[in-house]
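>>> Give me a 3D structure for the following:
(one chain, ligands or ions: 1)
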Amino acid sequence: MIRSNAENLIRKSMARFVDNELVPKAQEIDEKGEFPRELFEQLGRMGVFGIRYPKAKGGSGGNCVLFCTVCEELARGLMSLAAISAMQSLMGTNFLFRFGSEEIKEKYFHPAMRGEKVACFCLTEPEAGSDLGNASTLAVRTENGFLINGMKTWVTNGPVADFYTVLCQTNPEKKFKGLNFFLVPADTPGLSRGKPFDLLGTRNTKICEIAFKDCFVPLDHMLGGEGQGMTNLLSILAEIRTMTAALAIGLQRAALGDCIRYAHERAQFGKTIANYQLIQAKIANMAVDLEASRLLTYKAARMVDDNIPCLTEASMAKYFATEAACRAADQATRIFGAYGYSMEYSPQRYYRDNRFLLYGGGTHEILQTNIAKWAGL
Ligand SMILES: Cc1cc2nc3c(=O)[nH]c(=O)nc-3n(C[C@H](O)[C@H](O)[C@H](O)COP(=O)(O)OP(=O)(O)OC[C@H]3O[C@@H](n4cnc5c(N)ncnc54)[C@H](O)[C@@H]3O)c2cc1C
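Predicted coordinates for the structure are as follows:
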């Protein structure tokens, strides 16, 4: 792939961080299953969380291509940390940056950029997953603010977050057009967090339910114009999908790299397994999947940067790259033979962590439905 100087520089410095700080420790961090606070704070100091925000506003001034480059590299090291960082850099802070008052930015957005506060994004409810129009967490207008009641679930970073960007309904009759985002600080009376979920993969991402019982927030905590919630969400959906595809590329690179190393080391029948054509075919398929994922993902990222509508391209990138990551992890468990089934080697982690990519930003059934519509069905 042809890359700009800025991309190469960012890629090199992130690759150094990933090779030195993540790859050697990923297994241990995953086994501990804790929120990686120190690494999170380190990424904040490095300016990673500000990559999508202008330098003049406290960010590091990167575009979507650079954001994807960072996500890809982090995911090559540890998907959990990459997922937490992506949440912090995009969904968890975007609405504060775009619609928050100066006071809100000072209190929440800037500390989040520096890695001093943890952000998250609450859309999903027990009865509203893909069907977000059915979201029923209610925000009722009072004299000087809103009272929020309802329940969110599957909130990534939920158990450790300092503030929540929450999708609420202010006018149920209007359905989609009654949806709005609100900033709800974690210490708001009436907000309670459930027990962290027991997860299959990305075990350092902490996820839980969040319940809101008569949570009062002032008027300026509504982020975006009344009834604009879905429109504002749609305006970053292509980027969310493209970023998820970049995470999938990182996982594919990790799996492919480990498989190539292993194939050169492991000898059976008097030669290394790299000599066997059936192993070569698997490696070739993984390499082709990776290159195709890159082409789709960075095409979508460049379209985001050029302000060209690209929801379909981003959906294709997320769909293809994530499915390719699932295939790569599956092949890794085979190339490693029995060791691919051991918790001591990396393929099991890739095999579990790739599932993280299947749900957020749209399940693959939803993406396929949208792509089919675009194709003419
Ligand atoms: C690891 C993880 C992290 C997450 N983090 C967050 C987060 O931070 N914030 C947040 O708000 N949410 C988060 N989610 C929730 C995620 O966004 C939802 O899982 C997703 O929107 C799908 O909703 P659901 O799980 O309720 O599935 P459902 O919508 O109930 O779907 C169930 C099945 O039916 C299929 N289906 C549904 N509708 C259709 C249709 N119209 N046509 C065809 N098939 C359909 C789906 O594809 C799926 O296979 C997370 C989920 C996971 C697993």
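>>> Report the buried residues of stretch 162-173.
162-170 (16 or more other Cβ atoms under 10 Å). Where C-beta positions appear, they are placed from N, C-alpha and C, glycine not excepted.
>>> I figured Val70 hits Glu7, correct?
No - counting by Cβ atoms under 8 Å, Val70 stays clear of Glu7, with 10.2 Å between them.
>>> More neighbours: which of the two?
Counting neighbours by other Cβ atoms under 10 Å for Val70 and for Glu7 shows that Val70 has the greater number, 31 against 18.
>>> Let me know the secondary structure of Glu226.
At Glu226 the chain is in coil, as set by DSSP: H, G, I helix; E, B strand; the rest coil.
>>> so what's it up against?
Contacts here follow Cβ atoms under 8 Å, 6 or more residues apart in numbering; on that basis Glu226 touches 170, 180.
>>> can you tell me how far it sits from Val160?
Distance from Glu226 to Val160, counting by Cβ to Cβ, to the nearest Å: 31 Å.
>>> what about the residue of the stretch 51-200 of the chain found nearest the ligand, how many neighbours?
Residue of the stretch 51-200 of the chain nearest the ligand, by Cβ to the nearest ligand atom: Gly129 (1.8 Å). Counted by other Cβ under 10 Å, the residues lying close to Gly129 total 16.
>>> Give me the nearest residue to His221, chain neighbours excluded.
Sequence neighbours aside, Leu183 is the residue nearest to His221 in space, at 4.4 Å (criterion: Cβ to Cβ, 6 or more residues apart in numbering).
>>> part of a strand, is the one you found?
Yes - Leu183: assigned to a strand according to three-state DSSP.
>>> begin at 48 from here
Taking 48 as the first residue, the last one we looked at is Leu230.
>>> What score does it have for pLDDT?
At Leu230, the pLDDT value in this model is 98.
>>> What of the one 3 residues further on?
Model confidence at Ala233, given as pLDDT, is 98.
>>> need the contact list for it.
208-211, 240.
>>> Distance of it relative to Trp421?
Using Cβ to Cβ, we find Ala233 at a distance of 40 Å from Trp421.
>>> Ok, Asn191 next?
Going from Asn191 to Trp421 by Cβ to Cβ gives 45 Å.
>>> Same question for Leu246.
Applying Cβ to Cβ, the value for Leu246 to Trp421 is 33 Å.
>>> Neighbour count for the two, which is higher?
Neighbours per residue (other Cβ under 10 Å) separate Leu246 from Trp421, with Leu246 holding more: 17 against 13.
>>> quick one, what contacts that one?
Shown in contact with Leu246 (Cβ under 8 Å, 6+ apart): 252, 254.
>>> Which strand or helix spans it?
Under the criterion of DSSP states H and E, Leu246 resides outside all helices and strands.
>>> ok, now the one 10 residues further on?
With elements taken from DSSP H and E, the one containing Glu256 is strand 254-265.
>>> and that strand, which strands flank it?
Each strand paired with strand 254-265, and its direction, by DSSP bridges: strand 192-203 (antiparallel), strand 238-240 (antiparallel).
>>> List the contacts of it.
Contact with strand 254-265 is made by 169, 173, 184, 186, 189, 191-206, 211, 213, 229-232, 235-244, 246, as judged by Cβ under 8 Å, 6+ apart.
>>> what do you get for stretch 359-370?
So stretch 359-370 is contacted by 284-286, 288-289, 291-293, 295-296, 299, 339-340, 343-344, 346-347, 350-351, 401, 404-405, 408-409, 411, 414-415, 417-418, 421 (Cβ under 8 Å, 6+ apart).
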